[in-house]
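Colleague: Fold the following.
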Amino acid sequence: MSSDFVVGLDVGTTKVAVLIGEFTSEGETRIIGAGSARAEGITKGVVVNMDEAADSVRAAVTQAERMAGVEIRGVCAAVSGPHIRSFNSRGVIAIPTARREVTEGDVDKVTEAARSITLPFDREIVHSMPQDFVVDNQAGIRDPVGMSGMRLEADVHIVTALGMSLENLLKVSKKIGLEIVDMVFDPFAAARAVLTKDEMNLGCLLVDVGGGITNYALYHGGTVRASGVVGAGGVNVTNDLAVGLRTNGAVAEDLKIAHGVALASLANDEETVMVPGIGEREAREVRTQILAAIIEPRTEEIFTMVKKAVANDPFYRILGAGIVLSGGGSRLRGMDGVAEEVFDLHVRIGKPSNLMGLSELVDSAEWTTGIGLLLLGRDRIAARGGDGAFDRVKGMIHRLRRIASLY
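Modeller: Predicted coordinates for the structure are as follows:
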């Protein structure tokens, strides 16, 4: 029995997570190593201090290596941050007269034509994902290969990022002897872990609530239609509690996790918690309804920001499968209730399934992106040799390294 290994690296605002997965020739998926560390030198998913960030990644990697009994060299990394920009583009090519039949090469060419847009010099394309094709004015085609025609068009979803932000992540990894072999926009990895094919086909909005930011990806017809980032997450809730309860961030975070409720109507009228005093101040008793009254407006604001970002997308109006929440921020009790009130759609908390090995160690929402990275790696292994998208990402990484060498 042969096996392959894939390593997922999720560098977040509050936590760095590393997962090691083993995929056998029999198609089994096993998690054999997991490591996490408090994120230092990282703000809203972006590296702001190289040494501190490297120490955090090293600590998570070391923990995962010891657990798995292997040494990590290459990783697939999730990328995110307020610098991410996404949009849709259209490409058009003519089919050669000699054959009049669409080939895989034509699909690559029309996708590349959609990518041939003028970008600011400091931005790089991370993803270009075909949505629908048009052959001789016949629209709504999912796979045009083999069809006869004279003209091929493609709508493509493009995700871009600041080149230097990506390069800083590469440098952090290099400092500890790691090579990033692939980069995946965070919500695409999370979607791979928790969304079903039916949800992607019927229409679903994935909302990944992280520490400093919230990522989203809107799917319909089996492909992504819109994606992006809003600049608020679980840390904002913690900060609100710290101010409202007149305590420090660490105490506010503990209270949020242990007693926080996102939907005020779920709070117990009679339940109270002790809030430690700062300095020489005495601890005081606070009703959990007070916590909920502070938390609910902020969580409502986060979901409202996401809704505003996708409200004008025509596919948002026909979401047959509603909303799926993921990320560490979605663990807060009542988050699904707040989301239902904001979006007026059915909401469920996403959870990865059918995992083997050490799956019980990562059976919580904050590991979703890492698990998605492993599953995407498995998909690539199954394809044996990767796809064009992977080759383009490798090319992007090589360009970033060449640019960095000039400084």
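
Colleague: Just list the residues touching Asp186, thanks.
Modeller: 10, 45, 78-80, 208, 210, 215, 369 (C-beta atoms under 8 Å, 6 or more residues apart in numbering). Using the backbone N, CA and C atoms, a C-beta is placed for each residue, glycine as well.

Colleague: now, which of these sits nearest Ile278?
Modeller: Gly210 (27.5 Å; C-beta to C-beta).

Colleague: thinking again about what came up before, would you tell me which one of the contacts of Asp186 comes nearest to Ser86?
Modeller: Taking those together and measuring to Ser86 by C-beta to C-beta, the closest member is Asn215, at 10.4 Å.

Colleague: Is that closest one bridged to anything, and to what?
Modeller: Here Asn215 sits in beta bridges with Asp208, Val229, going by DSSP bridges.

Colleague: What is the neighbour count of it?
Modeller: 30 (other C-beta atoms under 10 Å).

Colleague: Do I have it right that it meets Gly231?
Modeller: No - using C-beta atoms under 8 Å, Asn215 is not in contact with Gly231; the gap is 10.9 Å.

Colleague: how near is the most far-flung residue of the chain relative to its centre to Gln138?
Modeller: Within the chain, the residue lying farthest from the chain centre (C-alpha atoms, centre = their mean) is Ala98, at 43.6 Å. For Ala98, the distance to Gln138 (C-beta to C-beta, to the nearest Å) stands at 21 Å.

Colleague: just Val237 next, same as before
Modeller: 49 Å.

Colleague: Could you check which of the two is surrounded by more residues?
Modeller: Val237 (27 against 11).

Colleague: Name the nearest residue to Ile302, sequence neighbours excluded.
Modeller: Ala232 (5.0 Å; C-beta to C-beta, 6 or more residues apart in numbering).

Colleague: actually Ala339, sorry about that
Modeller: Nearest to Ala339 is Val347, by C-beta to C-beta, 6+ apart, at 4.4 Å.

Colleague: With Gln289 instead?
Modeller: Nearest to Gln289 is Ala267, by C-beta to C-beta, 6+ apart, at 4.4 Å.

Colleague: Can you pull the domain assignment for this protein?
Modeller: Here the domain assignment for the chain is 85-161, 234-295, based on automatic domain parsing.

Colleague: Tell me which of the ones you listed sits nearest to Ala34.
Modeller: domain 234-295 (19.6 Å).

Colleague: re earlier: what count of nearby residues applies to the residue nearest to Ile302?
Modeller: Per other C-beta under 10 Å, the neighbour tally for Ala232 reads 22.

Colleague: Go ahead and confirm it touches Val306.
Modeller: No - taking C-beta under 8 Å as the definition, Ala232 is not a contact partner of Val306, at 9.5 Å.

Colleague: Pick out the residue closest to the middle of the chain.
Modeller: By C-alpha atoms, centre = their mean, the most central residue of the chain is Asp186, 1.9 Å off.

Colleague: Quick one: residues contacting the closest residue to it other than its chain neighbours.
Modeller: In space, and not counting its chain neighbours, Asp186 is closest to Ser80: 4.0 Å by C-beta to C-beta, 6+ apart. Contact analysis of Ser80 by C-beta under 8 Å, 6+ apart lists 45, 185-187, 210, 213, 215, 229.

Colleague: go on, Gly337?
Modeller: 262-263, 265-266, 347.

Colleague: Report the distance from the helix or strand harbouring Ala217 to the chain centre.
Modeller: Per DSSP states H and E: Ala217 is located in strand 214-220. Here strand 214-220 is found 9 Å from its chain centre; the criterion is C-alpha atoms, centre = their mean, to the nearest Å.

Colleague: I'd like the mean pLDDT over it, please.
Modeller: The average pLDDT within strand 214-220 is 97.

Colleague: And for stretch 142-158?
Modeller: 95.

Colleague: buried residues in that stretch?
Modeller: 144, 147, 149, 152-158 (16 or more other C-beta atoms under 10 Å).

Colleague: now stretch 343-357
Modeller: 343, 345, 347-348, 350, 352, 355, 357.

Colleague: Please work out which residues outside it touch it.
Modeller: By C-beta under 8 Å, 6+ apart, stretch 343-357 touches 22, 28-32, 190, 193-195, 205-206, 303, 307, 319, 321-326, 330, 335-337, 339-340, 362-363, 365, 367-368, 371-372.

Colleague: can you tell me which of these are in helices?
Modeller: 190, 193-194, 303, 307, 335-337, 339-340, 368, 371-372 (DSSP state H).

Colleague: Most neighbours among those, which one is it?
Modeller: Result: Ala190 is most packed of these (other C-beta under 10 Å), 33 neighbours.

Colleague: pretty sure that one is touching Gly328, no?
Modeller: No - with contact defined as C-beta under 8 Å, Ala190 and Gly328 do not form a contacting pair (11.2 Å).

Colleague: Give me the distance between the residue farthest from the centre of the chain and Met150.
Modeller: In terms of C-beta to C-beta, Ala98 sits 12 Å off from Met150.

Colleague: likewise Arg123?
Modeller: Taken as C-beta to C-beta, the span from Arg123 to Met150 is 34 Å.

Colleague: Same question for Thr223.
Modeller: Taking C-beta to C-beta, one finds Thr223 at 25 Å from Met150.

Colleague: and what of Ser56?
Modeller: Counting by C-beta to C-beta, the gap from Ser56 to Met150 is 55 Å.

Colleague: do Gly21 as well
Modeller: 45 Å.

Colleague: Likewise for Leu9?
Modeller: Distance from Leu9 to Met150, by C-beta to C-beta: 45 Å.

Colleague: ranges for the strands of the stretch 101-250 of the chain?
Modeller: 123-135, 138-141, 151-162, 179-185, 204-209, 214-220, 223-230 (DSSP state E, counting those that start in this stretch).

Colleague: brain fart, the stretch 251-400 of the chain
Modeller: Under DSSP E, counting those that start in this stretch, the stretch 251-400 of the chain gives strands at 272-275, 284-287, 323-326, 347-349, 356-357.

Colleague: so how far is the second one from its chain's centroid?
Modeller: Relative to its parent chain, strand 284-287 has a centroid offset of 37 Å by C-alpha atoms, centre = their mean.

Colleague: Perfect, that will be all.
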